[in-house]
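What would the 3D arrangement of this be:
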Amino acid sequence: MEPILKTGIPIFSIPEGHRKAGTYPPELLASSIKHLHASGVIVIENAIDVKHLDSLNAVLAPQAKELASAPGRHFNFGAETGNINQAPPSDEKLMFPDIWANQFIMPTLAAMLGPEPVLQYASGNTALRTPSNIQQPVHSDIDFPHPNFPFSMVVNIPLVDMTIENGAIEIWPGTHLTTFEDQVLTPGQSGDLPVRAIIPELLQLRKAVCPPVRAAVPKGSIIVRDLRLWHAGYPNLTPDPRVMLAFIWQAAWWCGRSWFELPIKLRALLSTWENGLVRFRIAARWVDKAEAYRRQEIEDSSLRSLDAAVSGLF
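Residues are numbered from 1 along each chain as shown. Now for the predicted structure:
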């Protein structure tokens, strides 16, 4: 089963019979793996119950405006980008399995990363309207030694239709195959550009081979991309916050160091998810509190390996 290439990104649609049954057919799994290895990104349409997305957006969109106006708020690559990190709520009524561990995506993650992949990071990127209309620099989320094969995947879930107008993410297909830590700017090199931006000369060389594309996708879609892939956030030209959740999965053997807090009352529920048809693990620290929103400043979001022997191999 070959995908549609609407925007230069492989886009799959789940057959209705399989969607209702919650199964991912073998030919679709094989094609997903093929294109993730080649392009570093795929999109799965009609993979999520849109009512779940609407419930989350009704909470997170108003919250985004409050977060953005809070004193000292961190913006990704500067306030002029209007881009903030915003975690999904841990309210039990808003914990949906097709959001946190989608049944159509998990077989692909396990095939790419190996047995029992680990959810190391659960947050999101929210684009708010800004007068500057400045995009993020093209960057990689990796600035450390890493394997030249898949070891970490990002699952992005927009809560609304993601369009050019509301800041559809820019993606550079194929760059995961040539991404190394010496391609990003370091404090001594950066000058006027931020650390982790791709060296400008490399951007021009890559653009001549394969130009970037914008991932404009309908609500209910899931974007899966290799962590190594170059990308950039774009400005939101609309008045409404565009929330895009981000779940980062890593291979169990990578021994990822990141973690995030979840209320201990969710442990039994999430345990049933972890031991489902595709087994996985959630890197949560269970806390005895009932807050619906996580405090990301007390969580570890480093995507490095905790094991020096493992990271030393690369």
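
Helices of this structure, residue ranges please.
Applying DSSP state H to the chain gives helices spanning 16-21, 26-39, 50-69, 97-100, 106-113, 200-209, 267-274, 308-312.

Packing partners of the fifth one?
Think helix 106-113. helix 26-39, strand 152-158, strand 242-250 (3 or more Cβ pairs under 8 Å, 6 or more residues apart in numbering; DSSP states H and E). C-betas here are computed from N, CA, C, even on glycine.

so which of the ones you listed comes closest to residue 102?
Residue 102 sits nearest to strand 152-158 of all the helices and strands packed on helix 106-113, at 7.4 Å, using Cβ to Cβ.

ok so, going back, any chance of the helices and strands packed on helix 106-113 in CSV, plus distance to residue 235 and mean pLDDT?
Shown next, in CSV, are those (distance: least, Cβ to Cβ, whole Å; pLDDT from 0 to 100):
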stretch, distance to residue 235, mean pLDDT
helix 26-39, 25, 96
strand 152-158, 15, 98
strand 242-250, 10, 97
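
returning to what we had before: highest average neighbour count across the helices of the chain?
helix 106-113 (a mean of 21; mean count of other Cβ atoms under 10 Å).

and that helix, average pLDDT?
Averaging pLDDT along helix 106-113 yields 98.

so where is this protein shaky, pLDDT-wise?
1, 5-7, 179-195, 290-298 (pLDDT under 70).

Out of the helices of the chain, the one nearest residue 127 is which?
Nearest to residue 127 among those is helix 50-69; the distance by Cβ to Cβ comes to 9.1 Å.

so which of the helices and strands packed on helix 106-113 comes closest to residue 120?
Proximity to residue 120 (Cβ to Cβ) singles out strand 242-250 among those, at 4.9 Å.

partner strands of that closest one, parallel or antiparallel?
Paired neighbours of strand 242-250 in the sheet (DSSP bridges): strand 118-127 (antiparallel), strand 152-158 (antiparallel).

Could you list the buried residues of that strand?
242-250 (16 or more other Cβ atoms under 10 Å).

chain center to it, what's the gap?
Taking Cα atoms, centre = their mean, to the nearest Å, one finds strand 242-250 lying 3 Å from the centre of the chain it belongs to.

That strand relative to helix 106-113, how many degrees between them?
50 degrees (axes from the mean of the first three to the mean of the last three Cα atoms, to 10 degrees).

List the contacts of residue 233.
By Cβ atoms under 8 Å, 6 or more residues apart in numbering, the contact set of residue 233 is 76-77, 81, 83, 125, 127, 135-136, 167, 169-170.

Mind checking which of those residues are buried?
Buried by 16+ other Cβ under 10 Å: 76-77, 81, 83, 125, 127, 135-136, 167, 169-170, out of the contacts of residue 233.

any chance of the residues you listed in a markdown table, with distance to residue 58 too?
Output for these, formatted as a markdown table (distance: Cβ to Cβ, whole Å):
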| residue | distance to residue 58 |
| --- | --- |
| 76 | 24 |
| 77 | 28 |
| 81 | 25 |
| 83 | 21 |
| 125 | 19 |
| 127 | 18 |
| 135 | 28 |
| 136 | 27 |
| 167 | 20 |
| 169 | 23 |
| 170 | 28 |
